[in-house]
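Participant: mind looking at a prediction? Sequence and model below.
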Amino acid sequence: MSPRAGVILAAGQGTRMKSATPKVMHAVAGRPILGHVIAAMRSAAVSRIVVVTAPDAEDVRAYVAQQGAESVVQDRQIGTGHAAGCAGALLRGFAGPVVVSYGDHPLFTSATFDASFVARERAGMAIVAFRSQSKAYGRVIVDRDGLLDRIVEYRDASETERNVDLCNAGIMAADAGSFFGWAAKLKNENTQGEYYLTDIPSLAKADRVMCAVVEADEAETMGVNSRTELALAEAEMQRRLRANMLDSGVGMTAPETVYFSFDTFIAPDAQIDPFVVFAPGVTVKRGAHIRAFSHLEGAEVGEGAIVGPYARLRPGALIEENVHIGNFVEVKNARVEKGAKANHLTYLGDARVGAGANIGAGTITCNYDGFDKHFTHIGAGAFIGSNSSLVAPVTVKDGAYIGAGSVIAKDVEADSLAVTRAPRKDVSGWAEKFRARKKAEKAKKT
Ligand code: UD1
Ligand code: CA
């Protein structure tokens, strides 16, 4: 197989989004739309990917570089065909096929990219089409052999052409050398005065290169032009992610209420209760149980651990085997070791909790002094009494006890007890006298 190249068009302003963020940087399942297209191409063995960007889109180019792809600048946004041609600056000499895709289609799969390359080998060129009546898409007119005759933009289409329900998805595969040759010949004689990518197949046809039409499902071909379409794409992506999770053996009683990120990894036989949100960077191991209304991000949950209900795991939360993290417990940048428990109302930030330790309700690691973050060590088997503040940097050594309500600002020896409490004062009969006095005062007033 000769190496494959890819071009992704992402220089458009995306004005219909009404956003300062470039359209392709809006997230679907926690990853920019553009990232989904890059990843799908990569899985289809596309080794060189060039993204066409607008002159002021520094953040898009930084993201592209971070994803290991290349970028070029399209000086003026004068059409998709002109945009694709700009990639020629890097790919003109590429010996092999190139696939061109729009950057605003987060649901394209690697299988569809692959199918376009395979169809191109047979016919000479290939495009991907799908069935829709939407005015948003160009119409695909096929000849009697089922090969492409031409693509007509909806705006430029006749009444008969508009009634065709075969639409241009936005994937085109061709030999790289020929493609950039055709791109250079495009004209802008249409209602928009733009250089259309969709005119390339007609130029190819004039050179006797035929174009196959690969049909794909609308569920993966929808483009994102507005906030409404972004929400629809998110819903479709979530449907896909949930189906994959269930297929791989993850248990979910109400999958339609669970939200995943593109990179969520959950092992088979983990159980996810309703209304759980997985932001990016989460791994959940076998037999773990994530209970309702929990939010996880950048965290790892070990085998057999129980998290939630109403727990929040933030980046760097490392929950080891059989740990229990209960309701209204927040964990950030903290390793909670085997079998430890923090069951209620607790903040564990910049900390290590040793194996088997018990963290009482209302325990707070005071990790921030307004300038710097400090670390709290809680030893194995330690017991932190309810409503204690551990003022970092501080170490509570293995097996120590902290009396409830303590403020611990200095290290605590192993197996000792530390308790800080104001001395207690008891005044016997005080309450009774107090009530009597109040009653008398009230009687006087009325
Ligand atoms: C395009 C297609 C249409 C297809 C539809 C699928 C053309 C002329 N039309 O229409 O047939 O059915 O997509 O969603 O190709 N872009 C640039 N530079 C430009 C213009 C656009 O990089 O000068 C990029 C945009 O950032 C976007 C992509 O190309 O990612 C498509 O552009 P857009 O304006 O959204 O095209 P559509 O009108 O949706
Ligand atoms: Ca579009």
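Facilitator: Alright, I've got the coordinates. Ligands and ions are numbered 1, 2, ... in the order given.

Participant: which bits of the stretch 101-250 of the chain sit near ligand 2?
Facilitator: 104, 223, 225 (Cβ under 5 Å from the ion). The way it works is simple: take the backbone N, C-alpha and C, and place the C-beta from them, glycine included.

Participant: dump the residues you listed into a markdown table; add pLDDT as well.
Facilitator: Below are these laid out as a markdown table (pLDDT from 0 to 100):
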| residue | pLDDT |
| --- | --- |
| D104 | 96 |
| G223 | 93 |
| N225 | 94 |
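
Participant: ranking by neighbours, what's the top pick from these?
Facilitator: With neighbours taken as other Cβ atoms under 10 Å, the top of those is D104, carrying 25 neighbours.

Participant: so where does the closest residue to A129 other than its chain neighbours fall, helix or strand?
Facilitator: Leaving aside its sequence neighbours, A129 sits nearest to V140 (Cβ to Cβ, 6 or more residues apart in numbering; 4.5 Å). Here V140, judged by DSSP states H and E, is contained in strand 139-142.

Participant: how about the contacts made by I408?
Facilitator: By Cβ atoms under 8 Å, 6 or more residues apart in numbering, the residues touching I408 are 388-391, 394, 396, 402, 418, 420.

Participant: nearest residue to it other than its sequence neighbours?
Facilitator: I408 sits nearest to L390 (Cβ to Cβ, 6+ apart), 5.1 Å away.

Participant: okay, now that neighbour: neighbour count?
Facilitator: Summarising burial for L390: neighbours were counted as other Cβ under 10 Å, giving 27.

Participant: what sits up against the helix or strand hosting it?
Facilitator: Counting by DSSP H and E, the element that carries L390 is strand 389-391. Strand 389-391 has contacts (Cβ under 8 Å, 6+ apart) with 363-366, 376, 378, 384, 396, 402, 406-409.

Participant: ok, so of these, who is nearest G193?
Facilitator: T365 (62.4 Å; Cβ to Cβ).

Participant: would you check that that closest one makes contact with P393?
Facilitator: No. With contact defined as Cβ atoms under 8 Å, T365 and P393 do not form a contacting pair (10.4 Å).

Participant: which residues are common contacts for those two?
Facilitator: Counting by Cβ under 8 Å, 6+ apart, the contacts common to T365 and P393 are T376.

Participant: compare those two (neighbour count), which wins?
Facilitator: T365 (27 against 16).

Participant: the spatially closest residue to the more buried one that is not a sequence neighbour: how many residues sit nearby?
Facilitator: Using Cβ to Cβ, 6+ apart and skipping the chain neighbours, the partner closest in space to T365 is T376 (4.3 Å). Close neighbours of T376, defined as other Cβ under 10 Å, add up to 24.

Participant: quick check: T376 touching D350?
Facilitator: Yes. If you go by Cβ under 8 Å, T376 and D350 touch, sitting 6.7 Å apart.

Participant: which residues are common contacts for the two?
Facilitator: In contact with both T376 and D350: 365, 367, 392, using Cβ under 8 Å, 6+ apart.

Participant: quick one: residues contacting the closest residue to the last one other than its chain neighbours.
Facilitator: To tie it back to what came earlier, the one meant is A392. The spatially closest residue to A392, leaving aside those adjacent along the chain, is H374, at 3.6 Å (Cβ to Cβ, 6+ apart). Neighbouring residues of H374 by Cβ under 8 Å, 6+ apart: 350, 367-368, 392-394.

Participant: same check on P22?
Facilitator: Counted by Cβ under 8 Å, 6+ apart, P22 has contacts 10, 13-14, 54, 57, 59-60.

Participant: if we go to 7 Å?
Facilitator: 14, 57, 60 (Cβ atoms under 7 Å, 6 or more residues apart in numbering).
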